[in-house]
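> Pasted the sequence and its predicted model underneath.
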Amino acid sequence: MDIQKRSIWIWPISIVVFVFGVLTIKSGGSVIFFDGPARLAAGHYVNFVVWFNFIAGFFYIVAGVGFFLNKQWTTKLAISIAAATLLVFVAFGIHILMGGRYEMRTVIAMSLRSTIWISFAFAAYTLAKKNKEKITNNI
């Protein structure tokens, strides 16, 4: 699709998703791969949550590119990321209920990530629907 015909929301969503991915990879990677200040600051981090977020960061970047290029697959990717995030959040909740150690900021971060990705999935769906309507109306 031509850049001039894109929704005004494509640019900010693309940038936010892409930067969110880069920051997620950086923060997760710092905890996973480096025995330093980031790992100490993480406190009682939950390994599977940190690994999930680290790996998800790469998918965030792909989603950011998908938003920018206005690709139809972005909707499925955003919904998949939102669903996976919610599943990990549930697993994290089970970890807590079983007496596992955790940091309250992880609860806050997972709440934020879940809300953000549900919002991005909704945005992707809405933009795809508008694009489909434009194509249908131009036929």
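Looks like it came in fine. Numbering: from 1, shown residues only.
> how about low-confidence regions in the chain?
Scanning the chain for pLDDT under 70 picks out 1-6, 133-139.
> Ser80: neighbouring residues, count only.
Using other Cβ atoms under 10 Å, Ser80 has 14 neighbouring residues. For the C-beta atoms, the positions are set from N, CA and C on the backbone; glycine is no exception.
> again with the one 4 residues further on
Neighbourhood size, Ala84 [other Cβ under 10 Å]: 15.
> Return the list of helices and strands in contact with the helix or strand hosting it.
Element membership for Ala84 (DSSP states H and E) is helix 73-97. For helix 73-97, the elements it packs on are helix 47-69, helix 104-138, judged by 3 or more Cβ pairs under 8 Å, 6 or more residues apart in numbering; DSSP states H and E.
> Tell me the buried residues in it?
Across helix 73-97, burial judged by 16 or more other Cβ atoms under 10 Å covers Thr74, Thr75, Leu77, Ala78, Ile79, Ile81, Ala82, Thr85, Val88, Phe89, Phe92, His95.
> just the helices and strands packed on helix 73-97: most buried one?
Mean neighbour count (mean count of other Cβ atoms under 10 Å) peaks for helix 47-69 among the helices and strands packed on helix 73-97, with a mean of 19.
> how big is the angle separating it from helix 73-97?
Orientation note: helix 47-69 sits at an angle of 160 degrees relative to helix 73-97 (axes from the mean of the first three to the mean of the last three Cα atoms, to 10 degrees).
> residues making contact with helix 47-69?
Contacts to helix 47-69, defined as Cβ atoms under 8 Å, 6 or more residues apart in numbering, come from residues 10-11, 13-25, 27-29, 31-32, 42, 73-74, 77-78, 80-81, 84-85, 88, 91-92, 95, 106, 110, 113, 120, 124, 127.
> send the alpha carbons of it over as CSV?
Output of helix 47-69 as CSV, limited to C-alpha atoms (Å, rounded to 0.1, in the frame of the first residue of the first chain):
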residue,chain,number,x,y,z
ASN,A,47,13.3,-17.4,34.5
PHE,A,48,10.5,-18.5,32.1
VAL,A,49,8.9,-15.1,32.2
VAL,A,50,12.2,-13.3,31.4
TRP,A,51,13.0,-15.8,28.6
PHE,A,52,9.5,-15.5,27.1
ASN,A,53,9.8,-11.7,27.1
PHE,A,54,13.2,-11.8,25.6
ILE,A,55,12.1,-14.0,22.7
ALA,A,56,8.9,-12.1,22.3
GLY,A,57,10.9,-9.0,21.8
PHE,A,58,12.0,-10.3,18.4
PHE,A,59,8.4,-10.9,17.4
TYR,A,60,7.6,-7.3,18.6
ILE,A,61,10.1,-6.0,16.1
VAL,A,62,8.7,-8.1,13.3
ALA,A,63,5.2,-6.8,14.3
GLY,A,64,6.5,-3.2,14.2
VAL,A,65,7.8,-3.8,10.6
GLY,A,66,4.4,-5.5,9.8
PHE,A,67,2.5,-2.4,11.0
PHE,A,68,4.8,-0.1,9.1
LEU,A,69,4.4,-2.1,5.9
